[in-house]
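>>> mind folding the following:
(one chain, ligands or ions: 1)
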Amino acid sequence: MASEITQLSAIIQSSVQDLLALSSTNGWSLPELNKPFDPATQTFRADPDGARASAKIIAAAMQLATTLMSPKQSIVNTCVQGPLKGAALRVCLGSHVPEILREAGPEGLHVKKITERTGSRIDSAKKIARLLRFLANSHLFREVKPDVFAHTMNSSVLDVRKPVDEILANPSAKHDGTPGFVALWEYTLDEAAKSSSMLLENMTDPRTAFSDDPILSPHQRVFNHNLSTYDWYELPENDYRRRRFSTGQTGFVALAGSSILREYDWNALPKGSVVVDVGGGFGASAKYIAQHAPHLQVIVQDKQEVVAAGRQAWKERDLLESKRVVFQGHDFFTPQPDNKAAVFVLKNILHNWGDSYNVCLLKHLRAAATPETRILIVGAIIQHVCPSDGSTSDSGPLLPTYGVLSQAQFMLDIMMLVNFNAREYTQSALAELLLQGGWKICAVHERDDIFVETTGLELVVASPI
Ligand SMILES: C[S@@+](CC[C@H](N)C(=O)[O-])C[C@H]1O[C@@H](n2cnc3c(N)ncnc32)[C@H](O)[C@@H]1O
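Predicted structure coming up:
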């Protein structure tokens, strides 16, 4: 039996050859770390074979490096340095270094000039140099000459792509109208990082340890308030954070997409059947369903203020006029209106609430259901980091989750814990929750390909018990 190091190195070698052969056949150009991000170098990710080969290289190379590092190096690299590195990046984002370096071009900029351009928010070029050097050692920015920094492929993606002067003139609007990824990362480095620093205290204080009350999460402890996180955003002093969170959510919804809804057989529903998108936000799923199944009526339920804004922003006015799409104000912790729903959609809802809240919501849906009603739960399903049936893995020496490739789901789960006292569910935990609410799982549609880079949503269908 070959050693683990030999097996990992064989996976890397054969997958590199596969990737190079595919790129030469298909004419792909591959990424270069020291150049700004170029979407043309990412074509291989959209091809299932290219994505699979690169995923195997990444998982095996990370595992090989982890095997060969000393345990101390590995612990520092994977975890211990995280808060400090996150803090370094947060300063760079908060002082617009990615945008300043884009305007400076490939030659880069001396830290003194970077500091001048930050609008004097950062008082010391020497401090900025130390932060950038820390990040450059992980290929996030590069030091082209002593104290002169430029972008790498990865750091260039941190740029919101607005002129620096525009950002400095109206910093609160920095993320407005952007795709939302930078907003999401900055939110994580700020609110989630600060909240996570108090997780141990929250989990050991008897006042909070056994509660799933959303106003007893680490977020309230750290930011010293007793409001739900959503209500806290409405305070005038949180204007920037509210706008950033809202843009970040748009980015998350775009990343997670509605396409998994195609797995459900909408055409099997009789004409005129009603689909209720519970907590449907601005109607992204409703739009998908209305366009793919014109014989159905879709009701988007959310809080009054959200549906009012969603109705106003909705572009396909004919769908509203014909009532094929209806916005309905409704609090999902109260009894359901009599909509005679054939299907309830719960997309990215259960992960915002603790179990007792979700059971309450599910019971209200159960009370309004007929025996034929189904719930579609769309969200991340957390994998166990071992083969699902407890047998040996068919991924060889690699983790069945492919390690770093599936990291986002675990991060999201802990983010829900620290910010909302909530969770992402494993399939068995979800089955248990549904049972308490009067439902059982009748089908699970996993996302097509774990190698394709998305946050990864699954579709679970539940029927009444
Ligand atoms: C994470 S978003 C998901 C939105 C949408 N389902 C999607 O996937 O794009 C959660 C939604 O739940 C809504 N929400 C929160 N509390 C609610 C309540 N008590 N009743 C109805 N909707 C609520 C929020 O306004 C928000 O639109």
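
>>> up against the ligand, what does the stretch 251-400 of the chain have?
By CB under 6 Å from any ligand atom, the residues of the stretch 251-400 of the chain that approach the ligand are 253, 279-281, 284, 302-303, 306, 331-333, 347-349, 352. The C-beta positions use only the backbone N, C-alpha and C, and glycine is treated the same way.

>>> flag the shaky bits of the stretch 51-200 of the chain, pLDDT-wise.
120-123 (pLDDT under 70).

>>> show me what contacts the closest residue in space to residue 217 that isn't next to it in sequence?
The shortest distance from residue 217 to any non-neighbouring residue, by CB to CB, 6 or more residues apart in numbering, is to residue 421 (3.8 Å). Neighbour list for residue 421: 211, 212, 213, 214, 216, 217, 354 [criterion: CB atoms under 8 Å, 6 or more residues apart in numbering].

>>> these two touch, right, the fifth one and residue 208?
Yes - assessed by CB atoms under 8 Å, residue 216 is found in contact with residue 208 at 4.5 Å.

>>> what's the overlap in contacts for these two?
Listed as contacting both residue 216 and residue 208 by CB under 8 Å, 6+ apart are residue 202.

>>> before we move on, the earlier item: buried members of the residues of the stretch 251-400 of the chain next to the ligand into PyMOL, please.
Those of those that count as buried under 16 or more other CB atoms under 10 Å are selected in PyMOL with:
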select buried, resi 253+279+280+281+284+302+306+332+347+348+349+352
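
>>> residue ranges for the helices of the stretch 1-150 of the chain, please.
4-26, 43-46, 48-68, 71-75, 82-94, 97-104, 111-117, 125-136 (DSSP state H, counting those that start in this stretch).

>>> out of the contacts of residue 421, which end up buried?
Buried members of the contacts of residue 421, counted by 16+ other CB under 10 Å: 211, 212, 214, 216, 217, 354.

>>> against the ligand, how distant is residue 233?
Note on residue 233: its distance to the ligand, by CB to the nearest ligand atom, to the nearest Å, is 11 Å.

>>> now that residue: closest residue in space, sequence neighbours ignored.
Residue 233 sits nearest to residue 242 (CB to CB, 6+ apart), 3.9 Å away.

>>> element containing the one you found?
helix 239-256 (DSSP states H and E).

>>> buried residues of that helix, list them for me.
Neighbour-count burial for helix 239-256 flags 241-245, 247-253, 255-256 (criterion: 16+ other CB under 10 Å).

>>> ok, of the residues you listed, which one's closest to residue 234?
Closest approach to residue 234 among the buried residues of helix 239-256 (CB to CB): residue 242, at 7.0 Å.

>>> was I right to think that closest one contacts residue 230?
No - assessed by CB under 8 Å, residue 242 is found out of contact with residue 230, at 9.2 Å.

>>> any idea how far stretch 155-173 is from the chain center?
How far stretch 155-173 lies from its chain's middle: 22 Å, per CA atoms, centre = their mean, to the nearest Å.

>>> same thing with stretch 318-338?
On CA atoms, centre = their mean, the centre of stretch 318-338 falls 27 Å from the chain's centre.

>>> this protein: strands as residue ranges?
For the chain, the strands defined by DSSP state E cover 109-110, 142-145, 148-150, 274-278, 297-302, 325-329, 341-347, 374-379, 381-382, 425-426, 439-445, 458-464.

>>> show me the domain layout of this structure.
2-68, 71-169, 173-253, 259-464 (automatic domain parsing).
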